[in-house]
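K.L.:
coords below, sequence missing:
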DNA sequence: TTTCATGCAAAATGTTTGCACACGA
DNA sequence: TCGTGTGCAAACATTTTGCATGAAA
C-alpha cells in the first residue's frame, strides 16, 4: 500500500518522547520493544497494517525481534497515545501517523489499493454544523472516498481502447 | 444496534424482483434461501451484521433454516446487486438497505453504538470537486462521524454533575 | 440431467488472551 | 525486589473454502 503526503505539522517533541510521556503518565514501562516499534513506525510516513509491521520487525536482523502479540498491544497503545490513527480498509486495520500530521481524509483506489490523502476545511465545518443540528458531540471521523485513481484510470483506458474499436 | 431513518425513495420493483433480475443476468439461480434472505432483510429498515441475520434465520421456526456460509454468500451477492451497502464498524461488517434508499452518511455513537443517518448535498458536491482536482473517479464513499449522541451526552452529564460539584 | 447452490466441517484470517518467565523502575 | 511486559501457544471471532449432496432450470 502506497500513499501520497501532506505537509507535516511542527511538533515540539519526537514521537518517542511523546510516547514515553504517555507511558509514564499511565504507570507503564518504557521497554526496548515499545521504543523500537515507535521508532520503526515513525522512520517513514506510510500507511501500514499490523502484518506489514510484524513482518518487518520479525525479519529484522537486529536483536529486537518483536512478537506478534506485542506488536498488536503496542499498536493499540500508540493509537491511545494519539500517535497513530487507525482506519479500516476491507476489514483490516490500517494505521497512519497522527502525531505531527494534519487532519485529513483519504481516497482509496480500488485498483491499486493506493491511499491518497487530502484535506478540506469545508468538510470540517460542514460536519461541525451537522453535529450541532443533531446534538451530536463529534470526536472524529473516518471518511474514505472509494474509486479509481488518475493513474489507474489512464492505464485501463489505454488497455481497453483497442478492444472498444473492434 | 439501533438507527434512525431518512425518507425512502420511490422504486418501481421490489427488492426481490430486483435481486431476481440480477441473478438471472448472471446465470445464477433463484433459490429458496436467496429469496427468503432478501425478504427477511427488507422486511424492516435496520442496520445489521451477519451474525444478527444468521441468528434470525437459523432460529426461525419456518422450514427454511439457512446456513452460515449461505448467509455470507448471499450478503455478498446482495451488495453486488446494489441492494445492500456494507460498512465497517469496529472491524465487523455492518449492512443496510441501499436499494430504494437515498445516499447518506452516519454518525456513530461510541457509547450506545447507535447509528444516526444524515445526508448533506454539500458533502456530495464538495467531494465531487475534490475528486476532479485529483483526477479521481469517485464510485462511492464511507463517512462515519464518531462521537457521542444527544441522549448519551445528557445521560452522562446528569450522572457526572454531582461528582463534579464535590 | 446438468449445473449450480447448499450445508457441513474444516480452514483461513486477523486479533486477543493465559500464563510462565524476563526485565524495567 | 516488585510488578509490569514479553513471548509462546492457544483461543478467539469472523469469514471463507472444499466437497458431497440436493435442488433449479
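P.N.:
Yep, that arrived. Quick caveat: nothing in here was measured; it's all calculated off a predicted structure.
K.L.:
do the helix or strand containing residue A:58 and DNA strand C meet?
P.N.:
Using DSSP states H and E, residue A:58 sits within helix A:50-59. Yes: using Cβ under 7 Å from any atom of the strand, a contact is recorded between helix A:50-59 and DNA strand C, made by A:50, A:51. For every residue, glycine as well, the C-beta is placed using N, CA and C.
K.L.:
show me which positions of that helix end up buried.
P.N.:
Using 16 or more other Cβ atoms under 10 Å in any protein chain shown as the test for burial, helix A:50-59 gives A:53, A:54, A:57.
K.L.:
the last one and residue A:51, how far apart?
P.N.:
When you say that, I think you mean residue A:57. 11 Å (Cβ to Cβ, to the nearest Å).
K.L.:
now do the nearest residue to residue A:40 once chain neighbours are set aside against residue A:46, distance only.
P.N.:
Distances taken as Cβ to Cβ, 6 or more residues apart in numbering or on different chains put residue A:57 closest to residue A:40, at 6.2 Å, once the chain neighbours are dropped. Here the distance between residue A:57 and residue A:46 works out to 14 Å (Cβ to Cβ).
K.L.:
which stretches of chain A aren't confidently modelled?
P.N.:
Across chain A, the ranges flagged by pLDDT under 70 are A:1-4, A:59-63, A:156-166.
K.L.:
which residues of it fall in strands?
P.N.:
Per DSSP state E, chain A carries strands over the ranges A:3-4, A:48-49, A:84-89, A:92-97, A:105-109, A:115-118, A:137-148.
K.L.:
partners of the residue nearest the centre of chain A in the sheet?
P.N.:
Nearest to the geometric centre of chain A sits residue A:96, at 1.8 Å (Cα atoms, centre = their mean). Judged by DSSP bridges, the bridge partners of residue A:96 are residue A:85.
K.L.:
what about residue A:28, how many residues nearby?
P.N.:
13 (other Cβ atoms under 10 Å in any protein chain shown).
K.L.:
domain ranges for chain A?
P.N.:
A:11-101, A:102-166 (automatic domain parsing).
K.L.:
in TSV, list the ones you listed along with distance to residue B:124.
P.N.:
Output for these, formatted as TSV (distance: least, Cβ to Cβ, whole Å):
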stretch	distance to residue B:124
domain A:11-101	21
domain A:102-166	11
